[in-house]
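Visitor: the sequence and its predicted three-dimensional model are supplied below.
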Amino acid sequence: MKAKLVGLVLLGIVVVSVISVISIIGPVDVSPQKKQDEFKNWNRVDAFAVNKKEYKIGENVFFVAIGLEPTDVGNATFVMPNGQKNYLSIPFDGSLKSSFNYYFKPSLSKARPVCSTDQIIGDWTIVFEGSRYQPVKFTILNETISTEIGIFQRVC
């Protein structure tokens, strides 16, 4: 009998303690967390994004595709500020990969030919050829990262 009474007292203490903790702290949410969009602050249009809207000369441009549909097939073409020259083109096929990332540093090159920083400064456009996606735009400012100044001297 004493054991039953001690057991009931202990159970009562536990119940009162739990109720006290819940009333002081509040109920504990045990529902699954909603997945945060890790690219929500990126310069994004639909399934494609770059990490910023503006870059200095010498900065890397980080480009991602997120959640491509299997029917999404085409090329992400980076068009330079003059509108006539494509800097690079990245193929994508949602049936092979629904997401991917790529980064590059717009730079001078005799092979492209991109001879001076004047050619890379300005508004760039990423056009998604062969797909339904709207372009993504970003700007390369007329400012150079201090560690890159010597690298961006005229090459042609």
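Guide: Looks like it came in fine.
Visitor: residues making contact with stretch 40-57?
Guide: With contacts defined as CB atoms under 8 Å, 6 or more residues apart in numbering, stretch 40-57 is touched by 39, 59, 61-68, 72, 76, 106, 117, 120-121, 126, 128, 133-145, 148, 152. Any C-beta I mention is one placed from the backbone N, CA and C, and that applies to glycine too.
Visitor: mind checking which of the residues you listed are buried?
Guide: For these, a neighbour count by 16 or more other CB atoms under 10 Å gives the buried set as 39, 59, 61-66, 68, 72, 76, 106, 117, 120-121, 126, 128, 133, 136, 138, 140, 144, 152.
Visitor: so of these, which ones are in helices?
Guide: Assigned to helices by DSSP state H, none of the buried ones among the contacts of stretch 40-57 qualify.
Visitor: residues in contact with the spatially most central residue of the chain?
Guide: Nearest to the geometric centre of the chain sits residue 39, at 3.9 Å (CA atoms, centre = their mean). Contact analysis of residue 39 by CB under 8 Å, 6+ apart lists 49, 64, 66.
Visitor: against residue 77, how distant is residue 129?
Guide: 6 Å (CB to CB, to the nearest Å).
Visitor: mutual contacts of those two, please.
Guide: With CB under 8 Å, 6+ apart as the test, residue 129 and residue 77 both reach residue 89.
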